[in-house]
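Chemist: How does the following fold in three dimensions:
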Amino acid sequence: MGSREIFALRKQGRSDEALAMARAEFSQNKDDVWFLRAYAWPLYDKAKALVERYETKTLPAAALSGQFEALMHEFADIADPLRGDPAFSQMLRLVGKVSRDWGDFLLFARWAGLEGFSPEDKQPFVNSEGKTIDSLQVRFTRAVCRETATRSTDVRADTELIAWGEEVLKQALLAQPNDQWLNYYQSRLHLGRGQWDDAIKRLMAVLHRQPRASWAWALLAEILEATRPDDALTCLVQAVHLARQEQEVAKVRIRLAGQLAQASRFDEAAQQVKLAAAYRAKEEVRVPNSLQRLLASDWYKQAEREQRFRDLPKVDADARNLLRELGRQGLEYALGVIDNINSAKALSHAAIAKDTGFVLPYRDFPEIAQLPLGTVIEIGHVRGEPKALDWRQSTSEELPGCCEFMAGTLTRRADQSFAFIRCTHGDVFVPPVLANAFTPSESHEVTCLAVWGTNKQGKVGWRALTLRKND
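Modeler: Below you'll find the predicted structure:
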């Protein structure tokens, strides 16, 4: 009996018998890689069955841990020679699925390491919907970083495991400094240590890219709660408004209700308590003590009797201003000029060089809508990123190569409504709204403010924005 018989039993759907045979003959075949592969697959089947019951909520997390742990100990006893094998990768895939609730996840992950994946599982892939999915290796690494951040504040946590996980996170950030999840986990680590400024800095890297992510606003509220409670409340309200699914804010609503009640905003607090309780009733999940206390409070009972439930106000403007304030520290500012205004799409464009610039949506920067063409501003952005995150006024009136004052001779033909200015830089196009002030077939010495850009026909060149006749 050997690997061939074990594989055959599994292929026939007799996985339990295959596993029993592998266990019985392991001591005689522990150096046979094919035997170890045959052993690993029925062990995987058993672990997969547990994970499926866990995912469908027919197996409680507490019950999962004991059964799953025994299988993983058995796997670890046989699997060292299988690193890089598909069986090893598939077992790590299962482990990642239960990482939030399996107490020994970090211990197992340290044993497994981050290189024991098959070459295929180290590459991203495209799913059936055409979406690119990160590799299994990347997702497993993120799970290690997430659980390190989550468990780092637990006094019972193994400090050596936490230190190992922190080093994994450090190296992962060096390789992927803009990864939103890695920055989020690092922010949580800083928060757990009371390093508020560092926590904010890391979280800004997330919010700059995902300003409408509910979970990021919820973490920002945690960070600001001790030092800036009013801003923390704004963050919680924004998190609730941005949530796409009720599950995202199941715990946030409880925190928000408590803070609203402390601010004597009882009608709004009551609405959050009502929604939090309704969600748990629908999902048939336990009502936590914190929510039970809110339900039992006098102010909630009164609101329920009198049906005084009020929705939350919109806080988009306050949230946007807070984000800009907190995010300025880590931004670089580039000089730019408003060279295009698209009122139909509610945005302007600011050029920082002849072929480079930033889009400035009015939704994010409402004041930009009031700036005319040719206004020179400073645009805040993360180094190497194309998205504008802030702006401020500039004392400059020119941006060499993009927006300059030019002097030259204006000529306008009698049969044309537009004109050109002959300058040392080249010709400057003068649109009809400016050219109509000048008599055709005559030469005029003028000074203009011109911007470099592309017209509707795709031609590039200088275009006059303002124009005055020289004395």
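Chemist: Quick check: buried residues in stretch 303-320?
Modeler: Ala303, Phe309, Leu312, Val315, Asp318, Ala319, Arg320 (16 or more other CB atoms under 10 Å). Yep, even glycine has a C-beta here, placed from its N, CA and C like the rest.
Chemist: quick one: contacts of it?
Modeler: 211, 217, 234-235, 237-238, 240-241, 266-268, 270-272, 274, 302, 364 (CB atoms under 8 Å, 6 or more residues apart in numbering).
Chemist: same question for that stretch, mean pLDDT?
Modeler: Across stretch 303-320, the average pLDDT comes to 94.
Chemist: before we move on, what about stretch 104-120?
Modeler: The average pLDDT for stretch 104-120 rounds to 91.
Chemist: From the opening residue of that stretch to its closing one, how far?
Modeler: Taking CA to CA, to the nearest Å, the first and last residues of stretch 104-120 lie 27 Å apart.
Chemist: Figure out how far the longest helix that the chain contains is from the centre of its chain.
Modeler: Ranked by number of residues, the top helix in the chain under DSSP state H is helix 33-55. Chain-centre distance of helix 33-55: 34 Å, with CA atoms, centre = their mean, to the nearest Å.
Chemist: Who are the packing partners of that helix?
Modeler: Secondary-structure packing of helix 33-55 (3 or more CB pairs under 8 Å, 6 or more residues apart in numbering; DSSP states H and E): helix 3-11, helix 15-29, helix 61-78, helix 86-97.
Chemist: now the first one and helix 15-29, what's the angle there?
Modeler: So the one you mean is helix 3-11. 160 degrees (axes from the mean of the first three to the mean of the last three CA atoms, to 10 degrees).
Chemist: How far away from the center of its chain is helix 3-11?
Modeler: Chain-centre distance of helix 3-11: 45 Å, with CA atoms, centre = their mean.
Chemist: go on, stretch 217-230?
Modeler: 18 Å.
Chemist: got the buried residues for the helix or strand where Ala261 lies?
Modeler: For Ala261, the element it lies in under DSSP states H and E is helix 252-262. Within helix 252-262, the residues scored as buried using 16+ other CB under 10 Å are Val252, Arg253, Ile254, Arg255, Leu256, Ala257, Gly258, Gln259, Leu260, Ala261.
Chemist: these two touch, right, the second one and Ala276?
Modeler: In this case it means Arg253. Yes - between Arg253 and Ala276 there is a contact under CB atoms under 8 Å: 4.1 Å.
Chemist: about what we covered before: tell me which residues of the longest helix of the chain are tucked away?
Modeler: Applying 16+ other CB under 10 Å to helix 33-55 flags 35-44, 46-48, 50-51, 54 as buried.
Chemist: Of these, which is the nearest to Arg14?
Modeler: Among the buried residues of helix 33-55, Pro42 lies closest to Arg14 (CB to CB), at 8.9 Å.
Chemist: Provide a list of residues in contact with that closest one.
Modeler: By CB under 8 Å, 6+ apart, the contact set of Pro42 is Ile6, Leu9, Arg10, Ser15, Asp16, Ala18, Leu19, Ala22.
Chemist: so which pair among those is furthest apart in space?
Modeler: Maximum distance among the contacts of Pro42 (CB to CB): 11.8 Å, for Ile6 and Asp16.
Chemist: the more surrounded of the two?
Modeler: Ile6 (26 against 13; other CB atoms under 10 Å).
Chemist: what's the one helix or strand Trp181 maps to in contact with?
Modeler: Assigned by DSSP H and E, Trp181 falls within helix 180-192. In this structure, residues lying in contact with helix 180-192 by CB under 8 Å, 6+ apart are 142, 145-146, 148-150, 152-153, 166, 169, 172-173, 176, 196, 198-200, 202-203, 205-206, 209-210, 213, 215-216, 219, 222-223.
Chemist: What does Pro422 show for phi and psi?
Modeler: Pro isn't right for residue 422; it's Arg. Taking degrees, to the nearest 10, you get phi -90, psi 110 for the backbone angles of Arg422.
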